[in-house]
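Asks: Quick check, what structure comes out for this input:
(2 chains)
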Amino acid sequence: DAMVIQNPRYQVTQFGKPVTLSCSQTLNHNVMYWYQQKSSQAPKLLFHYYDKDFNNEADTPDNFQSRRPNTSFCFLDIRSPGLGDAAMYLCATSRTTGRGQFFGPGTRLTVL
Amino acid sequence: GQQLNQSPQSMFIQEGEDVSMNCTSSSIFNTWLWYKQDPGEGPVLLIALYKAGELTSNGRLTAQFGITRKDSFLNISASIPSDVGIYFCAGLTNNLFFGTGTRLTVIP
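Replies: The predicted structure follows:
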């Protein structure tokens, strides 16, 4: 089955210690997105890639970076995690912008 | 940014009852989506609506794209315990704008 995969499902890091979350997709979609979701809130878009073109949201902190080495993979790097960065991180894909997005299962990040 | 308001915020219903929730926006959207999210999981796309006035069903779920393009509703018929979760509407332009969510609890 075509799908969006996120690893790991749970990640624990220490305050200030860099962490990388990964996402892969077998849908061959052009667009990959990263969202942050805090408890009882809707997902909040951090940035997206359309192919290799990176599009950052205006209010995404510089602490968050992303890489997309090929069509299938996209990474979220948090350079210096703070306690406020503890959240569920969701990866999503879509064939193009303006089409329905398909989400992965998420990675729950804990910052100690 | 666009504000999407969902109502009700939460619902407690008996198994077998029908459910209705809606979403309103201050802006026009060309596409409306409905997602369900289980605890600890990512949102799952339930229904996508691409045309004003469109009525689409997916099993026991029915959703409509409002004529004004500023609203949408989702109905669930004959609810079952596994319908429990948070339902999000989302309006789509180039980006996805999520509603505030409706938390559904189904009492067996």
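Asks: Determine whether the claim that A:Arg99 is in a strand is correct.
Replies: No - using DSSP: H, G, I helix; E, B strand; the rest coil, the secondary structure at A:Arg99 is coil, not a strand.
Asks: Can you check the pLDDT for the residue nearest the centre of chain A?
Replies: In chain A, the centroid-proximal residue (Cα atoms, centre = their mean) is A:Trp34; its distance is 3.0 Å. Reading off the confidence values, A:Trp34 has pLDDT 98.
Asks: A:Phe75 is in contact with that one, correct?
Replies: No - the pair A:Trp34 / A:Phe75 is not scored as a contact, 9.0 Å apart, by Cβ atoms under 8 Å. Where C-beta positions appear, they are placed from N, C-alpha and C, glycine not excepted.
Asks: can you map out the strands along chain A?
Replies: A:4-7, A:10-13, A:19-25, A:31-37, A:44-50, A:53-56, A:64-67, A:73-78, A:87-94, A:102-103, A:107-111 (DSSP state E).
Asks: I'd like to know which of those strands is closest to chain B.
Replies: Chain B sits nearest to strand A:102-103 of all those, at 3.7 Å, using Cβ to the nearest Cβ.
Asks: any chance of the strands of chain A in TSV, plus distance to B:Lys51?
Replies: Shown next, in TSV, are the strands of chain A (distance: least, Cβ to Cβ, whole Å):
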stretch	distance to B:Lys51
strand A:4-7	26
strand A:10-13	40
strand A:19-25	27
strand A:31-37	22
strand A:44-50	25
strand A:53-56	27
strand A:64-67	33
strand A:73-78	31
strand A:87-94	18
strand A:102-103	21
strand A:107-111	35
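Asks: Quick one: closest of the ones you listed to B:Thr102.
Replies: strand A:31-37 (15.9 Å; Cβ to Cβ).
Asks: ok, residues contacting that closest one?
Replies: The contact list for strand A:31-37, computed with Cβ atoms under 8 Å, 6 or more residues apart in numbering or on different chains, reads A:23, A:25, A:43-50, A:64, A:66, A:68, A:74, A:76, A:85, A:87-97, A:101, A:103, A:106, B:96.
Asks: Kindly give a single ChimeraX line that selects the buried subset of these.
Replies: In ChimeraX, this line selects whichever of these come out buried by 16 or more other Cβ atoms under 10 Å in any protein chain shown:
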select /A:23,25,43,44,45,46,47,48,49,50,64,66,68,74,76,85,87,88,89,90,91,92,93,94,97,101,103,106 /B:96
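Asks: Tell me the residues of chain B that contact chain A?
Replies: B:30-31, B:33, B:35, B:40-45, B:48, B:88, B:92-96, B:98-101 (Cβ under 8 Å from any Cβ of the partner chain).
Asks: What subset of the residues you listed is buried?
Replies: With neighbours counted using 16+ other Cβ under 10 Å, the residues of chain B next to chain A contain these buried positions: B:31, B:33, B:35, B:41-43, B:45, B:48, B:88, B:92, B:95-96, B:98-101.
Asks: Excluding chain neighbours, what is closest to residue 16?
Replies: You didn't say which chain, so I picked chain A. A:Ser80 (5.0 Å; Cβ to Cβ, 6 or more residues apart in numbering or on different chains).
Asks: my bad, chain B
Replies: Closest to B:Gly16 by Cβ to Cβ, 6+ apart is B:Ala78, at 5.8 Å.
Asks: do B:Thr100 as well
Replies: Closest to B:Thr100 by Cβ to Cβ, 6+ apart is B:Gln6, at 4.8 Å.
Asks: Averaged pLDDT, the strand or helix carrying the one you found. What do you get?
Replies: Assigned by DSSP states H and E, B:Gln6 belongs to strand B:4-7. Per-residue pLDDT over strand B:4-7 has a mean of 94.
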